[in-house]
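S.K.: One predicted model, sequence on top.
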Amino acid sequence: MTKKTAIVIGSGMGGLTSAVLLGMAGYEVTVHEQHFRPGGLLHRFYREGAAYDTGFHYCGGIGHDDILGACLRHLGVFDEIAFQPLDEDRFDRLVFPDFEFQVPVGWARYRQALVDAFPHEQAGIDALLADMMLAIDEYGLYRFKVDVNVPAFLRWEGTALLDLIKTHVRDPKLIAVLCGQGVLYGVSPDKAPFGLHSVILHHFVRGAYRIDGGGDRLAKVMVQRIKSLGGTVKLKSRVSQVVVEDRKAVGVLLDSGEEQRADFVVSNMHPRVLLDHLPPGAVRKAYRSRVLDQRVGIAHIGVYVQLDGRADCIGNSNIYRHMSLDPVQSFDPVDDHCPFYFATAPNEAHVGVGKRRHDIVLMLATLPWERVSEWDGSPVKNRPEAYEAVKQRTQDLCVDQLMRDFPSLRGKVTRLESSTGLSTRHYTESPQGAMYGHYHSVAQMGRYRPSQVIRIRNFLQVGQSVFTPGVLGATLSAYYGCGLYLGQDRLLAELKASR
Ligand SMILES: Cc1cc2nc3c(=O)[nH]c(=O)nc-3n(C[C@H](O)[C@H](O)[C@H](O)COP(=O)(O)OP(=O)(O)OC[C@H]3O[C@@H](n4cnc5c(N)ncnc54)[C@H](O)[C@@H]3O)c2cc1C
C-alpha cells in the first residue's frame, strides 16, 4: 500500500512537532525550510566557535506530569536532550530599582516567596493564585484534557492580567513582581490575557531548564527523529505557494519552480505570511481582512556580550531588569535609556581560548519594528550605515545598563554582536520581525485567535502565531492541530501513556 504523504512548510518547533506526529501516524513527511539551518527561532549562530542563542533560552517543567515533558517523551526525543536546571532557588531574578524578587522552582515555594516578601498581601496572593489555578484548568491540552469549558476559557482569555491582579492586591511592588516576567510572551500586563499569563508562568515555575546545545539541539534531535521515521528535511527550500485545487491543499510550489504533491499540507508560517503564499480566492476576503487587521507581536534587539572570563555575577539565573515599578513601562522601547532588559549567561556558552573561560551574556530588550523597517530588504551582510548606527546606539544603551548593574563585568567585554527585528525577519520570515509572531493580547486571543483550520481542506496551520507563544505553545499547536486530523482522543491517550 502506498503511504500517505505530508508536506510541512517551515521547521520551527510547531512544524517539526507536526512532522514527527505525522511520521508516527504513518505519513511520509517532507519538511521544507527556507533557511540553511532547521529550527526557526530555535536558531543559534556561531562566531569563532562560540555559540550565541537567539530565540530560545530556557523551557519550563518537563517532569512526568508536565505536558512539555510528556510531549517530548511521546515524540521520542526526550532522552536525546540534556536538560540543565537553572538555580532552583532563583531561576528568574526580577530586579527593580530598589529591590529584587527571586522566583524559585515549585508552585508552593513560589507562593511562599511572595508571602514572605509581601506578608501584608497574603490573602490577596492566595486569592490570585487560586484564580490562576482555575484559569490553568481551562487550558485543556496543558492539563491533558480534550474537553474545554469554552465560556470559562474565554473569560480567562478575555481578562487583562493587570486588571485581575488589581482586584486582589494593591502594593505596587507586588504588582510589579507579578507582572515581571511578561517578556516571556511579549504583551504588556494591561493587555495580556490572564489565562495565558497563568499557563506560561505555571509552566516555568514547575521547572526551569536550559538545554545543552541550546535550541539548536532541540531542532537537531527533532530532525533526526523525522528522518528515523522515514521523513526528509530539506533546507534552503523555500515554498512560494501552497497548491490548492477545489478548496483542497494538494501540494506546494517551491522557489526552484518544482511542484511537490502531497495528501496533507501543514504551514508553520505566520497566518499573515501564508496569505502571500495562497492562490487568489483560496480564502474568503473576510478571513484575509481579519488576519491583516490583527496586530503583529513586538520586535526586539538581541545583544550578545562575550566576556574574557566568567559571568558569575549573573549566576545560573535569568535577569529580568525593570527600570521602574510600572509594569507597562517595561514594554517601552529602548530610546534614550533602556527601560527593561532580559539577560542570561548559559554556563556552556563559553569558548576555550587558551585556558580562559569566555562566558556569553545574552540580552534582549524591546526595539519596535518601525525603528528598523526602512532598511528591510537591504543585504544582510551589508546593511546601510544608518541602520548600523541605530543598532549600535541601542546596543550601547543596553550594554551600559548591564555594566551599571553588574560592574564586575566592566573591562571584560571582548566581543559584542546584536540583532534586530530585521535579522528575525530574515532568518525566520516572522512578519515585522516579531518575537512571538502573533500579538497574544486580550483583543487577539480567545475567540479572536487565528484559526488553525481554515477553509482549505487537508491543510493546517501550526506554530506560536496560531496558539500560545514559546516552545511550549508551538509544540502544543501541533498536538492540537494534528489531533484534529489524527484523532485528539488517540493522541491524548498516547500522551498520557508517555507520562
Ligand atoms: C529573542 C527570543 C527569545 C525567546 N526565548 C524563548 C525561551 O527562552 N523559551 C521559549 O520557550 N521560547 C522562547 N522564544 C519563543 C520561541 O523561540 C518560539 O515560540 C518558537 O521557537 C516558535 O516556533 P514556531 O513553530 O512558531 O516557528 P518559527 O520558529 O517561527 O519557525 C517558522 C519557520 O518557518 C520557516 N518558513 C517561513 N516561511 C517559509 C517558506 N515560505 N518556506 C519554507 N520555510 C518557511 C522559517 O524560516 C522558520 O524556520 C523566544 C523567542 C525570541 C524571538
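M.R.: Great, that's in hand.

S.K.: Show me where the stretch 201-350 of the chain has its helices.
M.R.: With DSSP state H, counting those that start in this stretch as the criterion, the stretch 201-350 of the chain has helices at 214-228, 271-275, 285-293.

S.K.: I'd like those helices as a markdown table, with distance to the ligand and mean pLDDT appended.
M.R.: (C-beta placed from N, C-alpha, C; glycine too.) Listed next are these as a markdown table, based on distance: least, Cβ to the nearest ligand atom, whole Å; pLDDT from 0 to 100:
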| stretch | distance to the ligand | mean pLDDT |
| --- | --- | --- |
| helix 214-228 | 7 | 97 |
| helix 271-275 | 6 | 98 |
| helix 285-293 | 15 | 96 |
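
S.K.: now the ones you listed in TSV, with mean neighbour count?
M.R.: Converted to TSV, the helices of the stretch 201-350 of the chain look like this (neighbours: other Cβ atoms under 10 Å):
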stretch	mean neighbour count
helix 214-228	21
helix 271-275	21
helix 285-293	12
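
S.K.: Please name the residues that touch the residue in the stretch 201-350 of the chain positioned nearest to the ligand.
M.R.: Residue nearest to the ligand within the stretch 201-350 of the chain: V239 (3.9 Å; Cβ to the nearest ligand atom). The neighbours of V239, taking Cβ atoms under 8 Å, 6 or more residues apart in numbering as the test, are I9, H32, Q34, V252, L253, L254, D255, H277.

S.K.: Look at it and report its pLDDT.
M.R.: We note a pLDDT of 98 for V239 in this prediction.

S.K.: Kindly report the same for A349.
M.R.: pLDDT, A349: 52.

S.K.: So for the lengthiest helix in the chain, mean pLDDT?
M.R.: Taking DSSP state H as the criterion, the chain has its longest helix at helix 385-405. Here helix 385-405 scores 97 as its mean pLDDT.

S.K.: quick check, it touching the ligand?
M.R.: No. Remark: helix 385-405 sits outside contact range of the ligand, by Cβ under 6 Å from any ligand atom, the gap being at least 13.0 Å.

S.K.: now swap in stretch 48-67 and tell me
M.R.: Yes. Applying Cβ under 6 Å from any ligand atom, one finds stretch 48-67 touching the ligand at G55, F56, H57, Y58, C59.

S.K.: Of the contacts of V239, which is the nearest to R93?
M.R.: Using Cβ to Cβ, Q34 comes nearest to R93 of these, at 37.1 Å.

S.K.: wouldn't the closest one be in contact with K236 here?
M.R.: Yes. If you go by Cβ atoms under 8 Å, Q34 and K236 touch, sitting 7.0 Å apart.

S.K.: Please say which of those two ends up with more neighbours.
M.R.: Q34 (21 against 12; other Cβ atoms under 10 Å).

S.K.: Next, the more buried one: secondary structure please.
M.R.: What DSSP: H, G, I helix; E, B strand; the rest coil gives for Q34 is coil.

S.K.: residues contacting the nearest residue to it once chain neighbours are set aside?
M.R.: Distances taken as Cβ to Cβ, 6 or more residues apart in numbering put R238 closest to Q34, at 3.9 Å, once the chain neighbours are dropped. R238 makes contact with H32, Q34, L254, D255 under the criterion Cβ under 8 Å, 6+ apart.

S.K.: Could you dump those residues into a markdown table with distance to the ligand and pLDDT added?
M.R.: Formatted as a markdown table, the contacts of R238 follow (distance: Cβ to the nearest ligand atom, whole Å; pLDDT from 0 to 100):
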| residue | distance to the ligand | pLDDT |
| --- | --- | --- |
| H32 | 5 | 98 |
| Q34 | 4 | 98 |
| L254 | 8 | 98 |
| D255 | 8 | 97 |
